[in-house]
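Trainee: pasting the structure only:
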């Protein structure tokens, strides 16, 4: 786990959903953030290897995940353990490459194959237009950025103004369907609540068969947004812990 706020909160969430709260039975290792060295990842992975665990959860993101996963592959851990990356993106998968990524399991709110597997016409249009224009498949971040622009436009039109407070009110509790199934903006914390997907990286030959060599993810499960998001009670407890009010200002 990357030793900072994001890493701590993701590890806490993963432990909650997988019933691995017992840190003696399900050990964890923190790696420095920022500026972790390859030696930091190697030392942490050596401890994981010595544990004889069946699952290796890598709570890292971006370049840290890319470097650590390369080390895990060199050590042979990707063959000995099921590697799970809780927040997995197409960009990270492409950086690591199909050979090393094969079989890795991760989570994502959207991947480009979702509209095809679940038949979401607007999502298919977006993927095809993006792929044609940029000669690459859209990532989760691309889909999110694209959706948010349209959400803002829609909120302004419904509010009849660009006044911030009125636009906020137009967004709060608003439900919509765009690139996937229904999503909504939760009123009390402004969280976008949406389905999240569990994906597994496909074999190299299947990935490379794609026109843009980007068919990385097989969708193996999904979870409704209301089950995945923290509850109001959990959100309020976190706010109180940090001395923040339990209503947004």
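Mentor: Ah, there it is. Quick caveat: nothing in here was measured; it's all calculated off a predicted structure. Residues are numbered from 1 along each chain as shown.
Trainee: what comes up buried for stretch 51-65?
Mentor: Neighbour counts over stretch 51-65 (16 or more other CB atoms under 10 Å) mark 53, 56-61, 64-65 as buried. Placement of C-beta: from N, CA and C, glycine included.
Trainee: From the centroid of the protein, which residue is nearest?
Mentor: Nearest residue to the geometric centre of the chain (CA atoms, centre = their mean): residue 87, 3.3 Å.
Trainee: quick one on the thing from earlier: pick out whichever of the buried residues of stretch 51-65 sits closest to residue 192.
Mentor: Checking the buried residues of stretch 51-65 against residue 192 with CB to CB, the nearest one is residue 61 at 19.0 Å.
Trainee: Dihedrals phi and psi, the nearest residue to the closest one once chain neighbours are set aside?
Mentor: Spatial nearest neighbour of residue 61, chain neighbours left out: residue 87 (5.9 Å); criterion: CB to CB, 6 or more residues apart in numbering. The phi and psi values for residue 87, taken as degrees, to the nearest 10, are phi -120, psi 90.
Trainee: tell me the contacts of residue 87?
Mentor: The contact partners of residue 87, by CB atoms under 8 Å, 6 or more residues apart in numbering, come to 10, 61, 106-108.
Trainee: how about the buried residues of stretch 51-65, which pair is most distant?
Mentor: Greatest spatial distance in the buried residues of stretch 51-65: 53 and 61, 21.2 Å, computed using CB to CB.
Trainee: Most neighbours among the contacts of residue 87, which one is it?
Mentor: Comparing the contacts of residue 87 by number of neighbours (other CB atoms under 10 Å), residue 106 comes first, having 24 neighbours.
Trainee: In the protein, mark out all the helices, start to finish.
Mentor: 5-18, 38-50, 62-74, 77-80, 90-96, 98-101, 114-118, 121-134, 140-159, 164-171, 204-209, 225-228, 232-241 (DSSP state H).
Trainee: mean confidence score for stretch 14-21?
Mentor: For stretch 14-21, mean pLDDT rounds to 93.
Trainee: Quick one: distance of it to the chain centre.
Mentor: Offset of stretch 14-21 from its chain centre (CA atoms, centre = their mean, to the nearest Å): 17 Å.
Trainee: Not counting residues beside it along the chain, what's closest to residue 211?
Mentor: residue 131 (7.5 Å).
Trainee: Surely that neighbour is in contact with residue 138?
Mentor: Yes - contact criterion CB atoms under 8 Å: residue 131 and residue 138 qualify, at 7.2 Å.
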